[in-house]
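[1] what follows is a predicted structure for the sequence shown.
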Amino acid sequence: MSTQTNVTKYQVKLKDRFTVAERTMAFQFEKPPGFNFRPGQWIDLTLLNPGETDAEGNTRALSIASAPHENFLLVATRLRDTAFKRELPRLPLGTEVRIEGPSGSLTLHNNVTRTAIFIVGGIGITPVRSILLRAAHDRLPHRLLVFYSNRRPEDASFLEELAALQKENPNYRLIPVMTAATEFINTWKGEKGRVTPELLTKYRTEVKSPIYYVIGPPRMVKGVHEMLNKVGVDDDDIRAEDFGGY
């Protein structure tokens, strides 16, 4: 994630937590008075006096998954075997943590005539959820196309919610893509395999002068960026952010 600048520190309480996919949890925190952010930005979250720690430390950069109009801050993360990821789900409700931010510039472009194409892998959906909720709430005219790649539906955070959001925003379309679809070929009726030029072409009729947002694990982001370059997409029209360590 990008280097943070002009950030402010706050102490906030944990209000709720819930599972959003297999081995993935969302955490709802108080929203400090006067805390403003743009959808797509992130915060540093630090555990205060955790029961255990390790070499990776007590702080993580986490994208804000909630939208600005909501009265709380929501983040979500994969639960790996690190001290931070073990401690976070154990926190009693009401526990205070420190947040710093917001930071980051992976935000929706201003030119409403250009389609936003999001190619997202796994937990990279968190900043996109914020963008999509804001677009629906504010009735933004942007055309939004989201290719959301996971191994299985069980791994896809917020999948049902994001699918239902299409009813609220006619300018938005979600295309879930399952890379392990051969394991459940009789039950998954959506797109299967990886995001390819052919898959993008399939939905090209819905696209006008696109700007691409590529978000997810580092290898995925690198591979998709190279693929887009090979089919003639200029780097000026690609915005990328990788989620290492998730």
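    Looks like it came in fine. In this text, all values refer to a predicted model and were calculated from it rather than measured experimentally.
[2] going by C-alpha atoms from here, please, whenever you check contacts or count neighbours.
    Will do.
[3] which single strand of this protein contains the most residues?
    The residue-count maximum for a strand in the chain (DSSP state E) belongs to strand 8-21.
[4] strands of the protein, start to end?
    Using DSSP E, strands in the chain cover 8-21, 24-30, 42-47, 59-63, 72-78, 96-103, 116-121, 144-150, 172-178, 191-192, 211-216, 238-242.
[5] in the sheet, who's paired with residue 96?
    In this entry, residue 96 is beta-bridged to residue 13, by DSSP bridges.
[6] quick one, what contacts it?
    Residues in contact with residue 96 (CA atoms under 8 Å, 6 or more residues apart in numbering) are 11, 12, 13, 14, 47, 48.
[7] and if you look at residue 9?
    Residue 9 makes contacts with 98, 99, 100, 101, as judged by CA under 8 Å, 6+ apart.
[8] follow-up on the earlier one: what angle separates the longest strand of the chain from strand 24-30?
    Orientation check (axes from the mean of the first three to the mean of the last three CA atoms, to 10 degrees): strand 8-21 against strand 24-30 gives 140 degrees.
[9] so how far is strand 8-21 from its chain's centroid?
    Distance of strand 8-21 from its chain centroid, counting by CA atoms, centre = their mean, to the nearest Å, is 16 Å.
[10] I'd like the strands of the chain as a markdown table, with mean pLDDT and distance to residue 53 appended.
    Below are these laid out as a markdown table (pLDDT from 0 to 100; distance: least, CA to CA, whole Å):
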| stretch | mean pLDDT | distance to residue 53 |
| --- | --- | --- |
| strand 8-21 | 95 | 19 |
| strand 24-30 | 97 | 19 |
| strand 42-47 | 96 | 10 |
| strand 59-63 | 94 | 10 |
| strand 72-78 | 96 | 17 |
| strand 96-103 | 96 | 15 |
| strand 116-121 | 97 | 28 |
| strand 144-150 | 96 | 30 |
| strand 172-178 | 96 | 35 |
| strand 191-192 | 91 | 39 |
| strand 211-216 | 96 | 26 |
| strand 238-242 | 93 | 25 |
